[in-house]
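# A structural model of the following input is requested.
(chains A, B, C and D)
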2 protein chains.
Amino acid sequence: MAASRNQPANRAAAVPGKRPSPKRSATVINLPSRASLTDDAYQAIRRRILDNVYPPGQQVLESVLAEDLGISRTPVREALIRLANEGLVEVIPRHGMRVLPVSPLDMREIYEVLTALESAAAEMLARRKPSDAELKSLVDATRDMTRALKANDLDGWAAADERFHQGLVELTGNRTLIDAVARLGDRVHRARMFTLRLRPKPVNSTQEH
Amino acid sequence: MAASRNQPANRAAAVPGKRPSPKRSATVINLPSRASLTDDAYQAIRRRILDNVYPPGQQVLESVLAEDLGISRTPVREALIRLANEGLVEVIPRHGMRVLPVSPLDMREIYEVLTALESAAAEMLARRKPSDAELKSLVDATRDMTRALKANDLDGWAAADERFHQGLVELTGNRTLIDAVARLGDRVHRARMFTLRLRPKPVNSTQEH
DNA sequence: GCGAAATTCAACGTATACATTAATAAACAC
DNA sequence: GTGTTTATTAATGTATACGTTGAATTTCGC
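Numbers count the residues shown, from 1 in each chain, chains lettered A, B, ... in the order given. Coordinates of the predicted model:
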């Protein structure tokens, strides 16, 4: 499988708050992270998309991104290839990248696929007869979801929900499955911005197991 | 796509290229838009992997690939990013790309995911009550599969099988699903080289619909 | 004034240059 | 001979250079 394209944890200093000169200078904080500039660019651009700094439909030129991030076009291009592969953006030959919109249709499609994958995950898990310890994270997440739901805390619910899905899929140990779900993760996140509650609840399908 | 046939003569002086492939006879009148070198590289490397020219575990340096394809490292790198994203190779910092092996475990994982996705596709299709015309390709493929199976024609079976899966998924019209399956396509192909018959038969799940 | 042809412009695709650094080999002390 | 340190090499990551070409703009014919 591809190297861990998943977003680990390094969300601290990904976004350059300032606009240094196009030249890379010492003003850039030297983190112990040996992340490549390509990775940085990937994270930064991705973040801006998820945070709606670059809303759907937004177009940004490679050169603008590069200057904005204080790096050259090369790592920007490489980051864009990854983002395009992930379905977040589209690279239009003369117009830079374009943030792909997430239409209601897209959402439905994504949820259909996700539901299928998670159902399979639940089934696999059930078959594997996991220990209670393994299930703890899931149970916790479910409890948090219910709790948040009662408190009308949508954000909390979403967070717990995400933990649940993440945990469910990861417990299967099926890397291919994990990757497939992760690939949809960002788009789900964006879709969720539009519709937090249209979502079906795959919780039942696992709780009964 | 833009026609990027740009190999100025000065290139010969700069690089002792051994492979003047980017040469085009003047008799060609209206050639269709040229793919980018990145695309070419992607296709070429991918093909070599699928054809086992680069067997699993094989490592090839960027520079070797570049020289081999008669292009610079830039498009090679971009192609490798795509291939890595697709799970065909891994890019190891100092050792170029490495063709990922497809272990029996991988195969099982892939099939688990594929089965889930295709089951969902079948369900979606059934719910949509497709016309007979739409189903024709599926029926044909199924028939060919059965036929090939009887004739012990494994290759024929595999081909029909592939058509069946392709068609099944495409009939749903769910682009996300189509993409997800397509993304697994190459790995499936490689897995299939090892085990043509360990495969479960999702045929039933659709035929009954 | 309006459409077509010519021109300008800028973004890109690709090649190449360059500094960095891991891997390898060489030198060395013991 | 062996383990350690230093030099060498090579592959990379990134920056930059550059020709190509689609798009925008202007010029031109009418």
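# Go ahead and flag the most central residue of chain A.
residue A:186 (3.1 Å; Cα atoms, centre = their mean).
# Excluding chain neighbours, what is closest to it?
Excluding its sequence neighbours, the residue lying closest to residue A:186 (Cβ to Cβ, 6 or more residues apart in numbering or on different chains) is residue A:88, at 5.9 Å. Just so you know, the C-beta spots here come from the backbone N, C-alpha and C atoms, and that holds for glycine as well.
# Now the phi/psi pair for the one you found, please.
phi -90, psi -40 (degrees, to the nearest 10).
# Check the gap between it and residue A:158 for me.
19 Å (Cβ to Cβ, to the nearest Å).
# Between these two, point out the one with more neighbours.
Legend: neighbour count by other Cβ atoms under 10 Å in any protein chain shown for residue A:88 and residue A:158, higher for residue A:88 (21 against 17).
# The more buried one: what's it in contact with?
A:46, A:49, A:99, A:100, A:186, A:187 (Cβ atoms under 8 Å, 6 or more residues apart in numbering or on different chains).
# try 10 Å
By Cβ atoms under 10 Å, 6 or more residues apart in numbering or on different chains, the residues touching residue A:88 are A:45-46, A:49-50, A:54, A:80, A:82, A:97, A:99-100, A:102, A:186-187, A:190.
# Among the residues you listed, which lie within helices?
If you go by DSSP state H, these have A:45, A:46, A:49, A:50, A:80, A:82, A:186, A:187, A:190 in helices.
# Quick check: of those residues, which lies closest to residue B:119?
For those, the minimum distance to residue B:119 (Cβ to Cβ) is 21.8 Å, reached by residue A:187.
# can you pull the contacts of that closest one?
A:50, A:86, A:87, A:88, A:100, A:102, A:106, A:107, A:109, A:110, A:114, B:176.
# Switch these over to a markdown table; also include pLDDT and distance to residue A:64.
Conversion of the contacts of residue A:187 to a markdown table gives the following (pLDDT from 0 to 100; distance: Cβ to Cβ, whole Å):
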| residue | pLDDT | distance to residue A:64 |
| --- | --- | --- |
| A:50 | 92 | 19 |
| A:86 | 93 | 21 |
| A:87 | 93 | 22 |
| A:88 | 96 | 17 |
| A:100 | 95 | 18 |
| A:102 | 90 | 23 |
| A:106 | 89 | 26 |
| A:107 | 88 | 29 |
| A:109 | 92 | 31 |
| A:110 | 91 | 29 |
| A:114 | 93 | 33 |
| B:176 | 94 | 29 |
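# Check those residues and tell me the two furthest apart.
Maximum distance among those (Cβ to Cβ): 19.1 Å, for A:50 and A:109.
# which one of these two has more residues nearby?
Neighbour count, other Cβ under 10 Å: between residue A:50 and residue A:109, residue A:109 has more, with 23 against 16.
# Quick check: residue A:69 touching residue A:39?
No: under the criterion of Cβ atoms under 10 Å, residue A:69 is not in contact with residue A:39, lying 11.8 Å apart.
# which one's the longest helix in chain A?
Per DSSP H, chain A has its longest helix at helix A:104-128.
# After that helix, which helix or strand is next? Please name it.
helix A:132-150 (DSSP states H and E).
# Check whether the very next helix or strand once past that following helix comes into contact with chain B.
Downstream of helix A:132-150, the first helix or strand assigned by DSSP H and E is helix A:154-172. Yes: using Cβ under 10 Å from any Cβ of the partner chain, helix A:154-172 reaches chain B at residue A:172.
# any idea of the angle helix A:154-172 forms with helix A:132-150?
160 degrees (axes from the mean of the first three to the mean of the last three Cα atoms, to 10 degrees).
# any idea how far residue A:145 is from residue A:165?
Taking Cβ to Cβ, one finds residue A:145 at 11 Å from residue A:165.
# what do you get for residue A:89?
On the measure of Cβ to Cβ, residue A:89 and residue A:165 end up 24 Å apart.
# These two: which is more packed in?
residue A:89 (25 against 21).
# which residues does that one contact?
A:45-46, A:49, A:54, A:58-60, A:79-83, A:96-100.
# ditto for residue A:83
Per Cβ under 10 Å, 6+ apart, neighbours of residue A:83: A:41, A:42, A:45, A:46, A:49, A:89, A:90, A:91, A:97, A:99, A:100, A:186.
# Quick check, pLDDT for it.
On pLDDT, residue A:83 comes in at 97.
# Ok, residue A:142 next?
88.
# Can you report how many residues lie near it?
20.
# pretty sure it contacts residue A:165?
No: in this structure, residue A:142 is not within contact of residue A:165 by Cβ under 10 Å, at 11.1 Å.
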